[in-house]
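> here is a sequence with its predicted model. Questions after.
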Amino acid sequence: MFSRTNSLQFATSNRVGLMFAGLSSKILSKTFQQRQYTDRSFRLATVDDLYAASKYQNRLKPANYVSFRHTSEVKPRDVSKQIVIDLSHEQGYRRGHIEGAINLPIEKFDFTRLVDVYGGISRDECVDVMKNLGISDSTSEIILYDNSGLLACRLWFVLRYFGFSRVRILDGGWRTWLRAGYPVSEETVKPTPAQTLELKPKRTHLLTKPTQMAFDVKNKTSTIVDTRRPEAYNAYHILDSINVPSILLMEDAMFSSVKEIREICQSHGVDLDSDKKIMLYSDKGLSACVGLFALSMAGCDRISVYDAGLENWKTNFDDTLSADIQEKLSR
């Protein structure tokens, strides 16, 4: 993958070069704002961002992990008030986790359910779950991790949708902690429930409802992106959708760099700087949320997830499926 350290050095040298070239401060300001817009890598957390890692810094294995400064700086935070959430199943958590991490297995909160629909995840449910994990107004940030990165991206989407802020994903997930050579904890962390938790309003723009999806597909008013694997896309996909497999953006919980994400999207015909909204979909909203996180990290604001997914589309909006396609989709 493209080195984040090299990326920052390249960006820094460009800024210095522009300054010595005598360009106006107005142009420099515009250049800086543009870089902030196109690089939100601060939404990823690295191992040395973890409070639990602070006492092991001298034991870091540089061959396996390279720290970097974010090009869009995170505001100073009290990392002692950071909450790290491990999304492994309970047995996996008991076998080993990051020191101080709180377990939230999908058995206790199925955040893969549809968001904000009847029978799906409600804001009250989400808030109750997070308060029981000890997340309060004083929490400086929430960091999510798992083995594959899929669940972390899904929960990131759910939390952001319901108004949580300062939520980050650990780049590389559980393996990054192990590669750094830090000790494995087997101690079960029992959080103290929080009393108060005030949130921002729901970010409804992150969710595309079925009727909106149907309208945009018919009128070609949005760019539709299918984040499934190519073989699934080739078997069946929504009309005119573009296949950008999520595995190109994130593999084994390790994300591609902002530069790579932009190059991948461009090579697949997706313009991240277009005025058109980008709607992402998958089967059950997992890989679509990988796409949402990656594209948001790359500076794209006009993006959303068609959370109802391909099954909803097949059932309600596409009555032209051949018998063989219906058979494939039902498997």
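Looks like it came in fine. Numbering: from 1, shown residues only.
> all strands of the stretch 51-200 of the chain, in order?
With DSSP state E, counting those that start in this stretch as the criterion, the stretch 51-200 of the chain has strands at 82-86, 102-103, 141-145, 167-170.
> can you list the buried residues in stretch 215-227?
216-217, 222-227 (16 or more other Cβ atoms under 10 Å). Just so you know, the C-beta spots here come from the backbone N, C-alpha and C atoms, and that holds for glycine as well.
> same question for stretch 256-272.
Going by neighbour count (16+ other Cβ under 10 Å), the buried part of stretch 256-272 is 256-262, 264-265, 270, 272.
> likewise for stretch 179-190?
180, 182, 185, 189.
> what is the nearest of those to T139?
Distance to T139, by Cβ to Cβ, is smallest for V189 among the buried residues of stretch 179-190, at 14.6 Å.
> correct me if wrong: that closest one contacts L104.
No. Using Cβ atoms under 8 Å, V189 is not in contact with L104, being 11.0 Å away.
> re the thing from before, would a markdown table of the buried residues of stretch 215-227 with secondary structure be doable?
Below are the buried residues of stretch 215-227 laid out as a markdown table (DSSP: H, G, I helix; E, B strand; the rest coil):
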| residue | secondary structure |
| --- | --- |
| D216 | helix |
| V217 | helix |
| S222 | strand |
| T223 | strand |
| I224 | strand |
| V225 | strand |
| D226 | strand |
| T227 | coil |
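> could I get these as TSV with pLDDT?
Putting these into TSV (pLDDT from 0 to 100) gives the following:
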residue	pLDDT
D216	93
V217	92
S222	97
T223	98
I224	98
V225	98
D226	98
T227	98
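> now, among those, which is nearest to A288?
T227 (5.1 Å).
> do you know how far F157 is from S287?
As judged by Cβ to Cβ, to the nearest Å, F157 and S287 stand 12 Å apart.
> likewise Y281?
Taking Cβ to Cβ, one finds Y281 at 9 Å from S287.
> between the two, which contacts overlap?
Here Y281 and S287 share the contacting residues T227, scored by Cβ atoms under 8 Å, 6 or more residues apart in numbering.
> show me what R168 bridges to in the sheet.
Listed beta-bridge partners, R168: I143 (assigned using DSSP bridges).
> hmm, back to that, just send the strands of the stretch 51-200 of the chain back as a markdown table, with mean neighbour count, mean pLDDT and distance to M130 too.
What follows is those, written out as a markdown table (neighbours: other Cβ atoms under 10 Å; pLDDT from 0 to 100; distance: least, Cβ to Cβ, whole Å):
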| stretch | mean neighbour count | mean pLDDT | distance to M130 |
| --- | --- | --- | --- |
| strand 82-86 | 23 | 97 | 9 |
| strand 102-103 | 20 | 98 | 10 |
| strand 141-145 | 24 | 97 | 8 |
| strand 167-170 | 23 | 96 | 10 |
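> who wins for proximity to V129 among those strands?
strand 82-86 (10.4 Å).
> neighbouring contacts of that closest one?
50-52, 93, 97-98, 100-104, 133-135, 139-146, 155, 170, 174.
> go on, stretch 111-122?
106, 123, 126, 151, 154-155, 157-158, 161, 202, 207, 284-286, 307-308.
> 7 Å instead, please
106, 154-155, 158, 161, 207, 284-286, 307-308 (Cβ atoms under 7 Å, 6 or more residues apart in numbering).
> any stretches of the protein with poor pLDDT?
1-38, 57-76, 320-331 (pLDDT under 70).
> so where do the helices sit in it?
With DSSP state H as the criterion, the chain has helices at 4-20, 25-38, 90-95, 123-132, 150-161, 173-179, 210-219, 230-235, 258-267, 287-297, 309-316, 323-330.
> buried residues in the third one?
What it means is helix 90-95. 92-93.
> ok, back up a step: quick check: the farthest pair among the buried residues of stretch 179-190?
Taking Cβ to Cβ, the two most distant members of these are A180 and V189; they sit 19.8 Å apart.
> what's around the residue nearest to F293 when sequence neighbours are not counted, how many residues?
Leaving out its chain neighbours, the residue that sits closest to F293 by Cβ to Cβ, 6 or more residues apart in numbering is C153, at 4.8 Å. By other Cβ atoms under 10 Å, the residues close to C153 number 28.
> for C153, list the residues it contacts.
169, 289-290, 293.
> please report how far the residue most central in space within the chain lies from H205.
Nearest residue to the geometric centre of the chain (Cα atoms, centre = their mean): F293, 3.0 Å. Distance of F293 to H205, given as Cβ to Cβ: 15 Å.
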